[in-house]
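Trainee: only geometry, no sequence info:
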């Protein structure tokens, strides 16, 4: 038997588009000689469909897609993920299902058992877990259908769960395992995924085919990297990252093994490609082509602009340089140099007149007060106004250029530099921003060296530096990482060798700025714990605040 | 036995504050002669603690509070809700628990069984469900401890669940049921809650004591309304809404019944009081006192200002009137009249100079383009800048004044009139805004009559009216209600008698504006389905878009 894996880029709720893409893939799989083609989890609707699943109409449209695919299952079997109605009244209204389609009709449906409900996942919000497991027989082969998380509780070793679906299915002696996944990218995920698939193969001693999504859905980026693992525990094939791909494998050859074809996994390369994919799909799926960004001469906006130019083409990226009386001369030079290096359109619009008009209007009220955060923020907001005016006039989406360190401690102006439809580098700590800038410059100077080497500054008052109000980023980022990614307590972090006063100050800054992050743009997620849908915090919370 | 119900306003993560409040309530209950005092669900940590529950340190602080309360359980038993560690490795790390404390120590712990994971609830994200149920014995009485949702699957009739904890406990012949709840307000909730509690009493034929939170935690408002229901199915007592209250009941008298003491439930009064509570607690729990709002002369900002003045006192509310060249004369008059009626400080800051400064800066780029949404939005953003500048300078939190209808269809300027730390009326459809304005004016004219009767307009271009771009609000709101609250399909709504083109246009407007709502302030929730944490939608979704 020949098995095709179709690693495709679906679009949430785009039933026609997703179905059309799958019908095309069925033809392609047939052309490759496949007897079975497998699509990813919830392929009919895209992942994650979120509360669209509460609309009966939405579920019916998904069921229609399955019926259309069933019609196309002639001379080839099709395995596809789709939500489906729970036939009994009790429990959640729907299941997350894998359909086995052949000879023009639905032959078998296997529901998902383990429903991830943590971080960015909300599956128990929507789905009832499976309580029955049945291997499907097709052309003399016995196939175990599993969905994503189902294979992540190997032999019940995962403390989160109390059931192991494959332990149930293996008693029915499957010839191989299919896994339909929707496993979003983080810079550690591809390695972890391979480890898990290999561990399944080791335990059950059958080959495994793992099918992932590729492409981005707002903040979630799917890297693909679909897998075929042989019983010898070698990666028979790992599909490319961040692109659509259909490949067909001979089951006997996969069983034989002796082949190893893994993709390289370099953190900066992966994150870079993930972010480019994230930007590209955000625009494409919303039906936009052009971006606009504010370019300050600093490293954050420089990096975001490079990524945008690579995602959309420099001809679709426009930047504004908006100096104030506090901007240093080199900032404009550095920004201009970057724009020229990339070949993106740039315009210089000084904000002093706008700033002064605000100050004139506010004079009767600000009389006898000192220059403070109000005046600083006004500059950031004047810039945001200009960017949004250009966005509204010409249809360019504003991209946000905040990094994770400043988002964490609230070092940014709400409705100012925190504006934008999508946060490009909001899941990169400042130290990672530097690392990626150097990665981009590894062959030629794309980002002006001065942008990388000068001390970071918001340039909102004379001579200002980030380190005036923040600890050095090396230190700050490590404390943030321990708190955000590792959920360590203040005591844990202090015991790692950081000063108590500093740790408490940093964690307090994180927690009192939840109100700002609540109104932040969606953040392209590239780590295990990004701000946004995967981190849900109270705003009026008093813990460490 | 005398039983005290302590309906208190907790603060998320404020361990010291919550514990101190409970220790005081224990004393008060003793003074009232109670032999048992019962607090609400997760009282040690406040509700909802959200991802703070993922911090081991946070759980340990909660367990410390329980130990402190245990020490105080001398001469009185204490029942309190708290998160607790799952003692076994398998399953989620924590339980949502009810502790029974007496004679200085923990006597019994009952875990929660039914974990709401829908709308604003995420309990399965954090908690493992109970699988054991044991009635606790104290001073010759047998007590069934239940937590919130546990009583909402009466005899397994709720389609969401497959287990009924009280069906298990009733076999152990309890003398009464205690329910520790965290049941947030919506304008239908108090009625529903009484119906459910009565249905439990009917089925199990024992008295029931139901303890709710009161006070607000950002968007969620708890109305209290704690209940005592006698076996004769009468409401022996319903505690006041939106205020703290400790009352003690004689179990024998409750058993006897024959008393009916329900609160009045008038929709507008309830919503009004809920919003006032929501504003007040947002400020108090964040440690702020003063608000600022933009007052346009329109009904939305008028209503929000009245509510703010009632919540914080007029002396703590400041408004800006910010006319442009497109403002009509009566707008300023109406706004000024309202400010004078309320006694709030108002200032007039014209925005024309700021608007012109922007247009000057943009002239080289906007050259030969027509006045459009870009120029309209600039005005809204100039106003936001002024409000935020005052907020930053003087420490007043900006309150947002958008309503649910405009939030739904995206009729608002991101970073303009969508700014603010808290959305006051974002869960009121425009027709409900009118209804509440009339409710407020029922005895005297607080909101100028002209503000209520004139046709709604954003006044961002000459002669503009909302109905230029939107259907009449009576029609719009009904379509929105069917789609948002009832999750009806376009076909369902068309069959209710609405024009197909209109329905499709409205639903499309809702779905393509998800990106705006993503960056909206938290919305005080007063309906069954508010924008925000209880409605989670994809941004790049293509469904009906």
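Mentor: In hand now; what should we look at? Every value quoted in this text rests on a predicted model; they were computed, and no experiment measured them. Numbering: from 1, shown residues only, chains lettered A, B, ... in the order given.

Trainee: what's the model's confidence in stretch A:181-200, averaged?
Mentor: The average of the pLDDT scores along stretch A:181-200 is 97.

Trainee: span of that stretch from start to end?
Mentor: Stretch A:181-200 has an end-to-end distance of 15 Å (CA to CA, to the nearest Å).

Trainee: got the buried residues for it?
Mentor: For stretch A:181-200, a neighbour-count test (16 or more other CB atoms under 10 Å in any protein chain shown) marks A:181-187, A:189-190, A:193-194, A:196-200 as buried. C-beta here means a position set from N, CA and C on the backbone, and glycine is covered the same way.

Trainee: could you do stretch A:155-164 as well?
Mentor: Across stretch A:155-164, burial judged by 16+ other CB under 10 Å covers A:158, A:160-161, A:163-164.

Trainee: quick one, what contacts the one residue in the stretch 51-200 of chain A that gets nearest to chain B?
Mentor: Chain B sits closest to residue A:57 of the stretch 51-200 of chain A, with a gap of 3.4 Å, by CB to the nearest CB. Residues in contact with residue A:57 (CB atoms under 8 Å, 6 or more residues apart in numbering or on different chains) are B:489-492.

Trainee: quick one: which of the residues you listed is nearest chain A?
Mentor: In terms of CB to the nearest CB, no member of the contacts of residue A:57 lies closer to chain A than residue B:489, at 3.4 Å.

Trainee: wait, the closest one sits on residue A:55?
Mentor: Yes: checked against CB atoms under 8 Å, the pair residue B:489 and residue A:55 is within contact range at 6.7 Å.

Trainee: for burial, what's the neighbour tally of residue A:527?
Mentor: Neighbours of residue A:527 under the rule other CB atoms under 10 Å in any protein chain shown: 22.

Trainee: ok, now residue A:368?
Mentor: Residue A:368 has 4 neighbours, counted by other CB under 10 Å.

Trainee: mean confidence score for the longest helix along chain A?
Mentor: When chain A is scanned for its longest helix (criterion: DSSP state H), the result is helix A:373-394. For helix A:373-394, the mean per-residue pLDDT is 98.

Trainee: ok, the helix or strand that that helix is followed by near chain B or not?
Mentor: Per DSSP states H and E, helix A:373-394 leads on to strand A:397-400 as the next helix or strand towards the C-terminus. No: with CB under 8 Å from any CB of the partner chain as the criterion, chain B is not reached by strand A:397-400; the gap is at least 9.1 Å.

Trainee: note down every partner strand of strand A:397-400 and its orientation.
Mentor: Applying DSSP bridges to the sheet, strand A:397-400 is found paired with strand A:291-294 (parallel), strand A:422-423 (parallel).

Trainee: who touches the shortest one?
Mentor: Contacting residues not belonging to strand A:422-423 are listed as A:218, A:278-279, A:282, A:397, A:399-400, A:402, A:407, A:520-524 [CB under 8 Å, 6+ apart].

Trainee: same thing but 10 Å
Mentor: The contact list for strand A:422-423 (CB atoms under 10 Å, 6 or more residues apart in numbering or on different chains) reads A:216, A:218-219, A:278-279, A:282-283, A:286, A:291, A:304, A:308, A:397-404, A:407, A:520-525, A:530-532, B:515, B:539-540.

Trainee: take those residues and keep only those in strands.
Mentor: Among the contacts of strand A:422-423, the ones falling in strands (DSSP state E) are A:216, A:291, A:397-400.

Trainee: ok, of those, which one's closest to chain B?
Mentor: Taking CB to the nearest CB as the measure, chain B lies nearest residue A:216 of the ones in strands among the contacts of strand A:422-423, at 8.1 Å.

Trainee: so what's the residue count around that closest one?
Mentor: 29.

Trainee: just give the nearest non-adjacent residue to it, would you?
Mentor: Spatial nearest neighbour of residue A:216, excluding adjacent residues (CB to CB, 6 or more residues apart in numbering or on different chains): residue A:281 at 3.8 Å.

Trainee: that neighbour against residue A:11, yeah?
Mentor: Yes: here residue A:281 reaches residue A:11: they are 8.5 Å apart, a contact under CB atoms under 10 Å.

Trainee: now do the shared contacts for these two.
Mentor: With contacts taken as CB under 10 Å, 6+ apart, residue A:281 and residue A:11 have A:215, A:217, B:540 as neighbours in common.

Trainee: now do the contacts for the residue lying closest to the last one once chain neighbours are set aside.
Mentor: Setting aside the residues directly before and after it, residue B:540 is nearest to residue A:285 in space (CB to CB, 6+ apart), at 3.9 Å. When contacts are counted by CB under 10 Å, 6+ apart, residue A:285 is found next to A:9-12, A:14, A:17, A:46, A:215-218, B:538-542.

Trainee: for the spatially most distant residue from the centre of chain A, give me phi and psi.
Mentor: In terms of distance from the mean C-alpha position of chain A, residue A:368 ranks first, at 47.8 Å (CA atoms, centre = their mean). Backbone torsions for residue A:368, taken as degrees, to the nearest 10, come to phi 70, psi 10.

Trainee: mind checking pLDDT for it?
Mentor: At residue A:368, the model reports a pLDDT of 92.

Trainee: and of the contacts of residue A:285, the nearest to residue A:250?
Mentor: Closest approach between these and residue A:250, by CB to CB: residue A:9, at 26.1 Å.

Trainee: distance of the closest one relative to chain B?
Mentor: Using CB to the nearest CB, to the nearest Å, one gets 12 Å for the distance from residue A:9 to chain B.

Trainee: any regions of chain A where pLDDT drops low?
Mentor: Of all residues in chain A, none has pLDDT under 70.

Trainee: quick one, domains of it?
Mentor: With domains defined by automatic domain parsing, chain A comprises A:2-261, A:270-467.

Trainee: and those domains: which comes nearest residue B:468?
Mentor: Closest to residue B:468 of the domains of chain A is domain A:270-467 (CB to CB; 17.8 Å).

Trainee: now do the same end-to-end measure for that closest one.
Mentor: Domain A:270-467 has an end-to-end distance of 30 Å (CA to CA).

Trainee: now swap in stretch A:407-414 and tell me
Mentor: In stretch A:407-414, first residue to last residue: 10 Å (CA to CA).

Trainee: is chain B contacted by that stretch?
Mentor: Yes: for stretch A:407-414 and chain B, the contact criterion (CB under 10 Å from any CB of the partner chain) is met by A:413-414.

Trainee: repeat that for stretch A:481-496.
Mentor: Yes: applying CB under 10 Å from any CB, one finds stretch A:481-496 in contact with chain B at A:483, A:487-492.

Trainee: tell me the one of the residues you listed nearest chain B?
Mentor: residue A:489 (3.3 Å).

Trainee: number of nearby residues for that closest one?
Mentor: For residue A:489, the count of nearby residues is 20 (other CB under 10 Å).

Trainee: SS state for the residue lying closest to it once chain neighbours are set aside?
Mentor: Spatial nearest neighbour of residue A:489, chain neighbours left out: residue B:57 (3.3 Å); criterion: CB to CB, 6+ apart. Using DSSP: H, G, I helix; E, B strand; the rest coil, the structure places residue B:57 in helix.
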